[in-house]
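S.K.: Here is the input, now give the coordinates:
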Amino acid sequence: MDEKVRGNLLIIGGAEDKKSDCIILRRFVELAGGKNAIIAIITTAAEQPRKVGNQYRALLYD
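M.R.: From the prediction side, this is the model:
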């Protein structure tokens, strides 16, 4: 296990701003490589994972 892992990991608890400036989400997209980045959205803790995933998808890619 001497491999060096590159990249960023941002874990969001779900209470970040999704309606105003979206500072955390905008920074996340920037760190991921911009609007064309491939981003995994994992909604395991959500009561409605598909709905929450779709909300994040719209916020991150619009």
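S.K.: Stretch 12-20: end-to-end distance?
M.R.: Chord length of stretch 12-20, first to last residue, is 17 Å (CA to CA, to the nearest Å).
S.K.: That one - what's its average pLDDT?
M.R.: The average of the pLDDT scores along stretch 12-20 is 85.
S.K.: can you check stretch 25-41 too?
M.R.: According to the model, stretch 25-41 has a mean pLDDT of 90.
S.K.: elements contacting the longest helix anywhere in the chain?
M.R.: What stands out as the longest helix in the chain, according to DSSP state H, is helix 49-61. Contact analysis of helix 49-61 by 3 or more CB pairs under 8 Å, 6 or more residues apart in numbering; DSSP states H and E lists helix 23-32 as its packing neighbours. All C-beta atoms are positioned from the backbone trio N, CA, C, and that covers glycine.
S.K.: and the helix it packs on, what other elements does it pack with?
M.R.: Using 3+ CB pairs under 8 Å, 6+ apart: helix 23-32 touches helix 49-61.
S.K.: Excluding chain neighbours, give the residue nearest to Leu59 in space.
M.R.: Leu25 (5.5 Å; CB to CB, 6 or more residues apart in numbering).
S.K.: my guess is that neighbour contacts Leu10, does it?
M.R.: No - applying CB atoms under 8 Å as the test, Leu25 and Leu10 come out as separate, 9.4 Å apart.
S.K.: Give the residue from the two that has the larger number of neighbours.
M.R.: Leu25 (17 against 11; other CB atoms under 10 Å).
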